[in-house]
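**Q** this is a predicted model, with the sequence first.
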Amino acid sequence: MIVAAAHELEGQRVCFVGVGLPNIAVNLAKRTVAPDMELVYEAGVFGARPARLPLSIGDPTIVTGATAVTSMFELFAFYLQGGLIDVGFLGAAQIDRFGNINTTVIGEYEHPTTRLPGSGGACEIAINAREVFVIMRQSARSFVERIDFRTSPGNLGGAENAGRIRREQGWLGNGPTVVVTDLGIWHFDETGEMRLDSLHPGATVEDVRETIGWTPRVSPDLETTPAPTDEELRLIRVELDPGGAYTR
Amino acid sequence: MRDAIAELVRDGDTVAIEGFTHLISFAAGHEIIRQRRRDLVLARLTPDVIYDQMIAAGVARKLVFSWMGNPGVGGLNAIRRVTEGPSPTLELEEYSHFGMVARYTAGAANLPFFPLRSYFETDMPTANPLIRPIESPYGDGVVYAVPPLKPDVTIVHAQRASAAGDTQVWGLLGCQKEAAFAAERVIVVVEEVVAEEVIRADPNRTIIPGLIVDAVVVEPWGAHPSYVQGAYDRDNRFYLDWDPISRSAEVTDAWLREWVHDLDGRAAYLEKLGAERVASLRPGSAPSGVVDYGAYG
């Protein structure tokens, strides 16, 4: 999943790195397919060169050797809302077929069964990054017909409507383009709905159907995701995450 | 610290202990717990473990925030206990990160609101009706407004300050400057107090002038288990350990007794933490280059 997500970042220039799994995927991409990519952290860092992969995205290693440390106001106002972010890379607790994301609550807002972290920067990243990548584990509880709370907008109710609303409201972003899960890689078709384009080695379409709350669209040209190389596994296990904090 | 909290933090106050992962004043949070403040409105972008501890200790009635969690570890369990289920007891008011930063900015700049291109087509304005759409007065569409946040007290930790409170920070800046200028009262907690000449030799690094500072508290290691760039690393082991501690109210209470109520301040906390743990958190060296401001006149 992490390697597949890193591959999707090939050729990208400026990436806003979310907390959790996005952090390891982006740092792997930086060491492999996207060495020139600028890493942007919401804590207020542009052009980070992390020497280690920390537990938290506000770690001192993102500061030492960075291009610029900014106030959070500058980061969100000038870099994100100013239109400099190519990819916003987010995690999610729930996602629907149009890539709308919930990271706020499971259940009713006033009386939740599970209180999740909330937006952080995700809401504005989803609106103002040119495109949005999502990485998350797939399950019937996370891939749902209807999310309990819309924290970060995706393709709303479909591409046509979402495109019109984005233009009218002046969003800089074009919405989600990639969702990488533990089973496969999804892109979005012309209607704005998620389509399974690649299965990871060992996963089956049946596995996918059992872990999703709607009838998924599957590409007629379904591919198999290339297996991680020895070097990619070494980078993850030895260099990036020796303690297994991200891969446990 | 005891005097600063006793004098400047009152029951019912809106208190912002800011610092994004970096420079979080755990020492001030613990002193507020020890002095048994009540009914506080706690504001902070990322409530973090310090607010989990403060809320577990019963100091707060409300939390104003944008992301609550223990990054890379999981949820804040004490806060979850009072915000989940049929009858939550802690009031929540939530924004996005940019919304919170914009709120402090409006508070600092004496503006009635701050406009942002955020929140479109989300449930956030429904969950928090203080997030409101407004028409641009120049006819180019709708943006969202957030109200100013003016804490009664903002508390920030910093590398150094002069005795007068001129405060210098390097590393992640978060929104401490905005939160301090927005506040009625400001407490600065520092690793060291330096001579005024040290501040004046590098004025670009000053984020808060003594003009708005009500108290300077010298509290080395006062940000542990968060970190101070160049002085000590984030103690990730503590953040991991907090998860099992905070899963039970009884174990959390026992921890608060042992590490907060039964200690009389940071020096005792550090001694209890142990020299070995402290030494393991010291980073190597990576000094900045020196710039020449020039001498004129």
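**A** Right, received. Where do you want to start?

**Q** give me the number of residues near residue 131?
**A** By default, I'm working from chain A. Number of residues near A:Glu131 (other Cβ atoms under 10 Å in any protein chain shown) recorded here: 17. Quick note: C-beta positions are derived from backbone N, CA and C, even for glycine.

**Q** should've been chain B
**A** The number of residues packed around B:Ile131, counting by other Cβ under 10 Å, is 22.

**Q** check it and give its pLDDT.
**A** The predicted local confidence for B:Ile131 comes out at a pLDDT of 98.

**Q** spatially nearest residue to residue 196 (excluding sequence neighbours)?
**A** I'll assume chain A. Sequence neighbours aside, A:Val218 is the residue nearest to A:Leu196 in space, at 4.7 Å (criterion: Cβ to Cβ, 6 or more residues apart in numbering or on different chains).

**Q** that's the other chain; I wanted chain B
**A** Beyond its immediate neighbours in the sequence, the residue positioned closest to B:Glu196 (Cβ to Cβ, 6+ apart) is B:Ser162, lying 4.8 Å away.

**Q** so for B:Ala163, what's the pLDDT?
**A** For B:Ala163, the model assigns a pLDDT of 98.

**Q** and it, how close does it get to A:Thr229?
**A** Between B:Ala163 and A:Thr229 the distance is 58 Å, computed by Cβ to Cβ, to the nearest Å.

**Q** wasn't B:Glu93 part of a helix?
**A** No - the secondary structure assignment for B:Glu93 gives strand rather than a helix, going by DSSP: H, G, I helix; E, B strand; the rest coil.

**Q** report the contact partners of it.
**A** By Cβ atoms under 8 Å, 6 or more residues apart in numbering or on different chains, the contact list for B:Glu93 reads B:62-65, B:128, B:130.

**Q** just B:Arg10 next, same as before
**A** Taking Cβ under 8 Å, 6+ apart as the criterion, B:Arg10 is in contact with B:37, B:152.

**Q** what sits closest to the closest residue to chain A within chain B if chain neighbours are left out?
**A** When distances are taken as Cβ to the nearest Cβ, chain B reaches nearest to chain A at B:Thr21, 2.4 Å away. Spatial nearest neighbour of B:Thr21, excluding adjacent residues (Cβ to Cβ, 6+ apart): A:Gly58 at 2.4 Å.

**Q** confirm the one you found sits in a helix?
**A** No - counting by three-state DSSP, A:Gly58 is not found in a helix; it is coil.

**Q** closest one of the contacts of B:Glu93 to B:Phe114?
**A** B:Leu130 (11.9 Å; Cβ to Cβ).

**Q** and A:Val134, backbone torsions?
**A** A:Val134 has phi and psi values of phi -130, psi 140 when expressed as degrees, to the nearest 10.

**Q** for it, give the beta-bridge partners.
**A** For A:Val134, the beta-bridge partners under DSSP bridges are A:Leu90, A:Val179.

**Q** what sits against residue 151?
**A** I went with chain A, as the question did not name one. Applying Cβ under 8 Å, 6+ apart, one finds that A:Thr151 lies in contact with A:101-104, A:118-119, A:122-123, B:122-124.

**Q** that was the other one, I meant chain B.
**A** B:Pro151 is in contact with B:13-16, B:43, B:107, B:179, B:182-184, counting by Cβ under 8 Å, 6+ apart.

**Q** let's see that with 10 Å instead.
**A** Residues in contact with B:Pro151, defined by Cβ atoms under 10 Å, 6 or more residues apart in numbering or on different chains, are B:13-18, B:41-44, B:64, B:104, B:107, B:179-180, B:182-186.

**Q** burial measure for A:Ala51, as a count.
**A** For A:Ala51, the count of nearby residues is 11 (other Cβ under 10 Å).

**Q** would you quantify the distance from it to chain B?
**A** Using Cβ to the nearest Cβ, to the nearest Å, A:Ala51 is found at 10 Å from chain B.
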